[in-house]
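Asker: Got a sequence here, can you build the structure:
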Amino acid sequence: TRLLKKGGRLGFITSGKFLKSIYGQKLRQHIHRDCTLDQVIDLSALQVFGGATTYPILLMFHKEREEKPFYYALLRKEPETGKGSLGDPSDLIEHLASQDALLNGIWPPDGERQPLMQKLSARAVSLGEIAERIFQGLVTGADKVFVLEDRGVNTDGTPLAFSRVTQRLHEFEGEVLKPLVIGSRHVHRYWVDDSGLVLVFPYVQEDKRMALLRPEVLQHTFPKTWEYLLANRARLEGREEGRHKGPDWYRYGRSQNLGKFDQPKLLLPYMTRRLSCYFDPLGVLYTVNVTTGGYGIVLTDPKPQEYLRLMGIINSRVAHYWMRARATVHQGGYYGVMHQYLRSLPIAGIAPGDATDQNINVQLVGLVQRMLDLQQRKAQGGLAPSEMQGVNEAITIADQDIDGLVYDLYGLTAAERRAVEEATFR
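Answerer: Next up, the predicted model:
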């Protein structure tokens, strides 16, 4: 921008990831301080450059600070050749947005003519305000070593697991094996699949923190696990160009969030077609990484009914509508739940002393518990076809009733409810 004269204009094509990321914050601040956005044409949902995934945008601004809205357009689908039009109007989203959208790091930005999005936030607080922690899956640096297939127990009750690295069964001490789920594959709305996977977790709680089990403890107390780790020592020491060599060569790649999983929490997948979450009330499920594992949410208020209430809101059409409007939608309708968007998700119905909201919340918790019971009954199997049909119909009705209560919490009119329904139908 130093090459531009006052009022001079610049337009170019670039990756739009800097608009959302932490590393792009200083660049966004620089543009906001010295320039005025004129237009942002968002092509990030399209494969503009052949097979390369680049998330391109067209960025146009001029060198002069003005407080006026800029034009934003998001093209969700490439126009058909020779048609001359976009086809479905929902494939094009366009509106005027505030210059401050550059600083917020939330894209697509709220439009100055988007009263519904503004209304969803008006009676709500952000998820980040009521969550003690929103955290990502564990980073082992060697998932093929630490993630194994659960193969039950042998004749004397010793846990067995199959390793993809060694291509054979190994015995383990049960204390070091944790049930593992892959968020994008196993975590759904109100239910979770049995993944058949376990995580080797060589850590122990010491003084309110997780500490790596010392070699002598592994040798004497967990000899089977130690034998397996020794069989993979060369692979584990070779991570990150040998940076893991030393006495703690079997540690995970990163130490963040080691002590976050063994407590009640909500689990959410990162890559999804519909915003989904599941309540892990016993704190037994673990995940790895963010793109495959997703997020865990621990609330400041740890009461079970608060988790159930929040699960109903996150699994509703309202939350899906809000999140999908923010995210970059990829081929097949999938989108990634970015951390900053998840923290900003508006959560309604927590105003103290509001009798109407309190009554709705009581009903919401009851319906969510019914949904959990129905999903559990369905998962147990053994139902006759007519019984399964009845359970599925009850699930559909409960889902619709939950959406209705969430609409009430956000104070949506009939027209606004129809807008949410139409936008989230596909």
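Asker: pretty sure residue 268 is touching residue 314, no?
Answerer: Yes: between residue 268 and residue 314 there is a contact at 7.1 Å, judged by Cβ atoms under 8 Å. Every C-beta, even on glycine, is put in place using the N, C-alpha and C of the backbone.
Asker: Return every residue with contacts to both of the two.
Answerer: Residues within reach of residue 268 and of residue 314 at once, by Cβ atoms under 8 Å, 6 or more residues apart in numbering, are 275-277.
Asker: Please list only the buried members of those.
Answerer: Buried by 16 or more other Cβ atoms under 10 Å: 275-277, out of those.
Asker: Just the closest of the residues you listed to residue 185, please.
Answerer: The shortest gap between residue 185 and any of these belongs to residue 276, at 11.6 Å (Cβ to Cβ).
Asker: How many residues are close by the closest residue to that closest one other than its chain neighbours?
Answerer: Leaving aside its sequence neighbours, residue 276 sits nearest to residue 189 (Cβ to Cβ, 6 or more residues apart in numbering; 4.5 Å). Residues near residue 189, counting by other Cβ atoms under 10 Å, number 21.
Asker: Tell me the pLDDT of residue 189.
Answerer: At residue 189, the model reports a pLDDT of 96.
Asker: Check the one 3 residues further on too.
Answerer: For residue 192, the model assigns a pLDDT of 95.
Asker: Hmm, residue 185 and it touching each other?
Answerer: No: the pair residue 192 / residue 185 is not scored as a contact, 10.3 Å apart, by Cβ under 8 Å.
Asker: and those two? which has more neighbours close in?
Answerer: Ranked by neighbour count (other Cβ under 10 Å), residue 192 and residue 185 place residue 192 first, with 19 against 14.
Asker: Helix or strand: which one has residue 279?
Answerer: strand 278-280 (DSSP states H and E).
Asker: helices or strands up against that strand?
Answerer: strand 265-268, helix 304-314 (3 or more Cβ pairs under 8 Å, 6 or more residues apart in numbering; DSSP states H and E).
Asker: Can you give me the distance of residue 267 to residue 195?
Answerer: 12 Å (Cβ to Cβ, to the nearest Å).
Asker: re the thing from before, check the buried ones among the shared contacts of residue 268 and residue 314 against residue 216 and report the nearest one.
Answerer: Of those, the one sitting nearest to residue 216 (Cβ to Cβ) turns out to be residue 277, at 41.0 Å.
Asker: List the contacts of that closest one.
Answerer: 187, 189, 266-268, 297, 311, 314-315.
Asker: quick one: it and residue 205, what's the gap?
Answerer: For residue 277, the distance to residue 205 - Cβ to Cβ - is 26 Å.
Asker: try residue 403
Answerer: For residue 403 relative to residue 205 (Cβ to Cβ), the value is 40 Å.
Asker: my guess is residue 312 contacts residue 404, does it?
Answerer: No: using Cβ under 8 Å, residue 312 is not in contact with residue 404; the gap is 11.1 Å.
Asker: related to what we said a few turns ago, neighbour-wise, which of residue 403 and residue 205 wins?
Answerer: residue 403 (20 against 11).
Asker: Check the secondary structure at that one for me.
Answerer: helix (DSSP: H, G, I helix; E, B strand; the rest coil).
Asker: My guess is residue 160 contacts residue 171. True?
Answerer: Yes: here residue 160 reaches residue 171: they are 6.2 Å apart, a contact under Cβ under 8 Å.
Asker: Find the residues that touch each one of the two.
Answerer: Contacts common to residue 160 and residue 171, judged by Cβ under 8 Å, 6+ apart, are residue 154.
Asker: so how far is stretch 238-253 from its chain's centroid?
Answerer: 29 Å (Cα atoms, centre = their mean, to the nearest Å).
Asker: Now it: average pLDDT?
Answerer: 92.
Asker: In it, which residues have enough neighbours to count as buried?
Answerer: Those would be 239, 244, 249-253, for stretch 238-253 by 16+ other Cβ under 10 Å.
Asker: Tell me where the stretch 251-400 of the chain has helices.
Answerer: Ranges of helices in the stretch 251-400 of the chain, per DSSP state H, counting those that start in this stretch, are 304-314, 317-326, 339-344, 355-380, 385-409.
Asker: Can you show me the helices along the stretch 51-200 of the chain?
Answerer: 101-104, 115-122, 127-130, 143-146, 183-186.
Asker: Look up the closest residue to residue 328, ignoring the ones flanking it.
Answerer: Nearest one to residue 328, counting by Cβ to Cβ, 6+ apart, is residue 44 at 4.8 Å.
Asker: Thank you, goodbye.
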